[in-house]
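**Q** Here is a sequence with its predicted model. Questions after.
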Amino acid sequence: MSKNQRLTTPLVRDHKGGELRPATWEEALDRAAAGFRSVVAAKGPGAFGMFSCSKTTNEMNFVAQKFTRVAIGTNNVDSCNRT
């Protein structure tokens, strides 16, 4: 993908299988949060898992595990830091 093809705004679907359309960051983040909430409400926090890259910073891995444990309520976090 060339630099000119990079997305500069989030895209969302209005319904399953619908076309992607540009959205504000607020709308896109609200939809993501609603999706997380609906999974946790329907299946419990154990249905959620977070995988964080071992090549990222310690701070980013900390934020990923903190979000998963505090906001979602599960210990299902992995960052493949075992090597």
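**A** Arrived safely.
**Q** Just the helices from the protein, written as ranges.
**A** Secondary structure of the chain (DSSP state H): helices at 25-43, 58-66.
**Q** Quick check: the spatially most central residue of the chain vs K55, distance?
**A** Geometric centre of the chain, nearest residue: A32, 6.9 Å, by CA atoms, centre = their mean. Remark: distance between A32 and K55 (CB to CB, to the nearest Å) = 23 Å. C-betas here are computed from N, CA, C, even on glycine.
**Q** again, but for S38
**A** Distance from S38 to K55, by CB to CB: 31 Å.
**Q** Return the residues in contact with V39.
**A** Neighbouring residues of V39 by CB atoms under 8 Å, 6 or more residues apart in numbering: A47, F48.
**Q** follow-up on the earlier one: of all the helices of the chain, which one is nearest C80?
**A** Closest to C80 of these, according to CB to CB: helix 58-66, at 10.3 Å.
**Q** would you put the C-alpha positions of the closest one in PDB?
**A** Only the C-alpha atoms of helix 58-66 are listed here, as PDB (Å, rounded to 0.1, in the frame of the first residue of the first chain):
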ATOM      1  CA  ASN A  58       6.900  -1.900  27.900                       C
ATOM      2  CA  GLU A  59       4.600   1.000  28.300                       C
ATOM      3  CA  MET A  60       2.300  -0.100  25.500                       C
ATOM      4  CA  ASN A  61       2.200  -3.700  26.900                       C
ATOM      5  CA  PHE A  62       1.400  -2.300  30.300                       C
ATOM      6  CA  VAL A  63      -1.500  -0.200  28.900                       C
ATOM      7  CA  ALA A  64      -2.800  -3.300  27.000                       C
ATOM      8  CA  GLN A  65      -2.800  -5.500  30.100                       C
ATOM      9  CA  LYS A  66      -4.200  -2.800  32.300                       C
END
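**Q** what's next to it, contact-wise?
**A** M50, S52, S54, V77, S79, N81.
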